[in-house]
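Peer 1: What shape does this take:
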Amino acid sequence: DNLGTFSFTPGVELEVPVTRDFYLRPFAHLGWGIESETNSSAWIWFGGIKSRYRFPGSENNLAIIGNLYYGGFKASEAKSDDMGGLGLGLEGSIPLGSRSYRETTVDLDWHAMYTHFSNEAVFTTPDDDALLVEQLYEFGLALSPRDGPWDLWLWKPERLGLAVKWDPSTDFLGLTINFTSWFRR
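Peer 2: Sure thing, here's the model as predicted:
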C-alpha cells in the first residue's frame, strides 16, 4: 500500500551572514496539502531557523548544517496538530573534475542529516492504520554547476538532485527532489 500526498507551501526565507563561514536562515511558510486516497486536505504552516557552519579552508565545502523548526496543520476531515523538530547533519561537494556542462565544472553535492521530532508525526495509511514517525534519517545527492545555476532554457535551478528519508523504526520511506541548497554558495 502507498500513501500519497501533494502539498504547496510557499514561504519566505532570509539569509543572514553571521561570519564569512557561519550563516543563519530564518524562514516561514504557509500553504495547503491534500492526501490522494481520501482527498482530505489541510492548511499547513511552519517556520524556524536553519544554520550552516562551513569549515574554513575546506576544499569540498564541508559544513555542519542544522535546523530548528515548529509547524502544524489544520485539517478538513481529521484532527489538527502541531510539532517541532531539531535536525543536525553534514553537507559537502565533490568536484567531478573531467565532467563539465557548457565549459563549467560540475560538482556532486551531498548531504546527510538526522532529525528528531518533538512528538510523533502520524501518517494514516489507506487501511486506516497509523504510521508513527519520531525521527528521520536523510541522505541526498545532487549535481550542480560550480559557477552558477543550471541554464535549462527558462528554468535555472541551482542543483538537480534526489534525497531519501526514512525512519528505521517504522516502514516510513520518502523521496525528495532537490533544486536548491539551504544556503547560497
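
Peer 1: distance between stretch 82-93 and the chain's centre?
Peer 2: Relative to the centre of its chain, stretch 82-93 is centred 8 Å away, using CA atoms, centre = their mean, to the nearest Å.

Peer 1: tell me the mean pLDDT over it?
Peer 2: Averaging pLDDT along stretch 82-93 yields 94.

Peer 1: Repeat that for stretch 47-59.
Peer 2: pLDDT averaged over stretch 47-59 gives 93.

Peer 1: Restrict that stretch to CA atoms and write it as CSV.
Peer 2: Extracted in CSV, the C-alpha atoms of stretch 47-59 (Å, rounded to 0.1, in the frame of the first residue of the first chain):
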residue,chain,number,x,y,z
GLY,A,47,8.8,28.3,10.4
GLY,A,48,12.1,28.2,12.1
ILE,A,49,15.8,28.8,11.6
LYS,A,50,18.4,26.9,9.6
SER,A,51,22.2,27.2,10.2
ARG,A,52,25.4,26.3,8.4
TYR,A,53,28.9,26.4,9.6
ARG,A,54,31.4,25.8,6.8
PHE,A,55,34.8,24.6,7.9
PRO,A,56,37.3,27.3,6.8
GLY,A,57,39.7,26.2,4.0
SER,A,58,37.7,23.1,3.3
GLU,A,59,38.3,22.1,-0.4
